[in-house]
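**Q** need a structure here:
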Amino acid sequence: MREYGMLVALVVIVLYFQFETSGVLLQPTNITNVILQNSYIVVMALGMLLVIVAGHIDLSIGSVAAFVGAVAGYMMVKNDYPVILSIAACIAIGAAIGAFQGYWVAFRKIPAFIVTLAGMLIFRGLTLVLLGGSSLGPFPESFSNISRGFISGNEATTGFMSNPFGGADAKLHVMTLIIGLAFAAIIVYLDIVGRKNSRAFNFPVISTPLFIVKNAAVVAIIMAFCYILASYKGLPNVLLVLIPLIVLYIFVTKKTVIGRRIYALGGNEKAAKLSGVPTDRLTFYTFVNMGVLAAIGGMIFTGRLNSATPKAGDGFELDAIAAVFIGGASASGGIGTIFGVVIGALVMGVLNNGMSIAGVSVDWQQVVKGAVLLIAVYFDVSSKNKG
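**A** The predicted structure follows:
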């Protein structure tokens, strides 16, 4: 109900704003903008999910993202360090920040709210110190293209073909369609293998007609999405970072021991500890992971701006937390999915984008987003009380 209820809500929101904006919302240009504008929030929300599932919170990720962006600017713009070396150093700094905060939460038992609130102030201050109150940019093209560029292919290299559903000058990016078809084939193949394994162990499976309809719908959605992107500039480079991360964290949360232990930790820490789960070390790891993803998100945002700015990252922690809770995570820990996080982030992104196109003022946009978050958490609490 949590996951698929929000999926239905997302569809309703999309249809509403598609009508309200006279069809602008689902234009290829706008969908690409939604992806670029929300990619870094999705990345940070993946880490925030594990922190919240473990029963904690992280208020510092916006400041950490800004600080890492400032470090990237200092290395690449001011000192001309190689891009690969700078990216590796920024990820290492993110891990170190996560380890620093995780140490106080996991081993010194200081509430995560206090530790990360202190981290928010510390790293925002360090950002201002490092940048001296001014911006650093532009970045090398190879770095900014991670956030702003598209996969290779242009008309000169026959990367585009004529669009049969468009006008005479309409083009489709071929590689985007090929990648979409390959991804859809992998999804269907994994579903077939999973169904076969379930039958081998006499687990219940859905009927064959429903299975066919489900996979046909999945393929149709993936290809429709890729067709829309292909009719503009193709697949944004940032999706080549985002999709593997989503797949990795789905695997970690669903198929690994450490993933199951994080859910056990958030569900009942004492019971998990008595069962042999190293709860302190696991909490520490979740904050290290959060630091790494905050660093990646910060670099994506910095690359998109093509500049490291003192005010970068403002409110990122609130957007990431909102995406997690709207996506069905429990405020008390132990419940939440990667699929839900992605849906929650899309809900927030479509709301922001749709209201902006429709001319809703920023003030009212904040009111609407706050109301959506409150309703999502109320749904969680009320469903628990009924249980």
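
**Q** low pLDDT regions in this protein?
**A** 1-4, 152-170, 380-381, 383-387 (pLDDT under 70).

**Q** now the residue nearest to the spatial centre of it. Nearest residue, chain neighbours left out?
**A** The residue lying closest to the centre of the chain (CA atoms, centre = their mean) is residue 42, at 1.3 Å. Setting aside the residues directly before and after it, residue 42 is nearest to residue 345 in space (CB to CB, 6 or more residues apart in numbering), at 4.6 Å. All C-beta spots, glycine's among them, are computed from the backbone N, C-alpha and C.

**Q** now tell me what touches stretch 121-137 from outside.
**A** Contacts with stretch 121-137, where a contact means CB atoms under 8 Å, 6 or more residues apart in numbering, come from 60, 63-64, 66-67, 69-71, 73-74, 77-78, 97, 305-310, 312.

**Q** swap the cut-off to 6 Å and go again
**A** By CB atoms under 6 Å, 6 or more residues apart in numbering, the surrounding residues in contact with stretch 121-137 are 63, 64, 66, 67, 70, 73, 77, 306, 307, 308, 309, 310.

**Q** now do the closest residue in space to residue 187 that isn't next to it in sequence against residue 252, distance only.
**A** In space, and not counting its chain neighbours, residue 187 is closest to residue 218: 5.9 Å by CB to CB, 6+ apart. Per CB to CB, to the nearest Å, residue 218 is found 22 Å from residue 252.

**Q** these two - which one has more neighbours?
**A** A count of neighbours by other CB atoms under 10 Å puts residue 252 above the other of residue 218 and residue 252, at 18 against 14.

**Q** residue contacts, that one?
**A** residue 259.

**Q** state the distance from it to residue 53.
**A** 12 Å.

**Q** please apply the same query to residue 65.
**A** Counting by CB to CB - residue 65 and residue 53 are separated by 21 Å.

**Q** of those two, who's got more company?
**A** Neighbours around residue 65 and residue 53, counted as other CB under 10 Å, are more numerous at residue 65. The numbers are 32 against 25.

**Q** check for me that that one belongs to a strand.
**A** No. Assessed with DSSP: H, G, I helix; E, B strand; the rest coil, residue 65 is helix; it does not lie in a strand.

**Q** doesn't residue 294 make contact with it?
**A** Yes. Counting by CB atoms under 6 Å, residue 65 does reach residue 294; the two are 5.3 Å apart.

**Q** please name every helix or strand in contact with the helix or strand harbouring the residue nearest to the centre of the chain.
**A** Assigned by DSSP states H and E, residue 42 belongs to helix 28-53. If contacts are counted by 3 or more CB pairs under 6 Å, 6 or more residues apart in numbering; DSSP states H and E, helix 28-53 sits against helix 257-267, helix 279-305, helix 316-326, helix 338-357.
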